[in-house]
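In: Sharing a model that was predicted from the sequence below.
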Amino acid sequence: MKKLLSILILGLLLSGNAYAEKISLECGSQSDFENMLYIKADKKKFEIYQPSSANRVIFITSRFDDYVINTKPRGLDKASTGHDTHLTDWESWDKSKYIRDYIYSVGIERVQGYVGIARSTTPWVEGKKNYDFEVYWELPCKKLDKKF
């Protein structure tokens, strides 16, 4: 009986992520390679890859439902954050005057299929929790299936 119970508990622990939804998106178009993004998102992590410059930024997912996927706001300057950030070409992501001092957030509107990258309207201030955001980059997305 103990063996059966331990097998059942172990099986439940190992299958916890078996039904976690993960999505892969291609945003923009290949004809405009500079403005193309690949996105992988689940309920915990939101990863953006920009192939034209090899920029890769990881956000923490704050909302993941049938209509919207949003991220927690964060800074992108590698020196000021513990998040995984690989911005090799800042100008291809945003104007470099904003990267060091502003907060960024990403949202996907799942019904229409758009991703929007937003920047705070004011610079980051330590201790401040609420910011207003403006979308500066918006792209249509389609679900991506791997070929290999």
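Out: The structure has been received and is ready for your questions.
In: any idea which element Val115 lies in?
Out: strand 114-120 (DSSP states H and E).
In: Okay, buried residues for that strand please.
Out: Neighbour counts over strand 114-120 (16 or more other Cβ atoms under 10 Å) mark 115-120 as buried. Just so you know, the C-beta spots here come from the backbone N, C-alpha and C atoms, and that holds for glycine as well.
In: Let me know the closest of those to Tyr98.
Out: For the buried residues of strand 114-120, the residue nearest Tyr98 by Cβ to Cβ is Arg119; the value is 5.8 Å.
In: ok, back up a step: from the contact counts, what lies against the strand holding Val115?
Out: On a contact count with 3 or more Cβ pairs under 8 Å, 6 or more residues apart in numbering; DSSP states H and E, strand 114-120 meets strand 103-109, strand 133-143.
In: Let's have these in a markdown table, adding mean neighbour count.
Out: A markdown table is the format used below for the helices and strands packed on strand 114-120 (neighbours: other Cβ atoms under 10 Å):
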| stretch | mean neighbour count |
| --- | --- |
| strand 103-109 | 21 |
| strand 133-143 | 14 |
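In: what's the closest of the ones you listed to Thr71?
Out: Of all the helices and strands packed on strand 114-120, it is strand 103-109 that lies closest to Thr71, at 4.6 Å by Cβ to Cβ.
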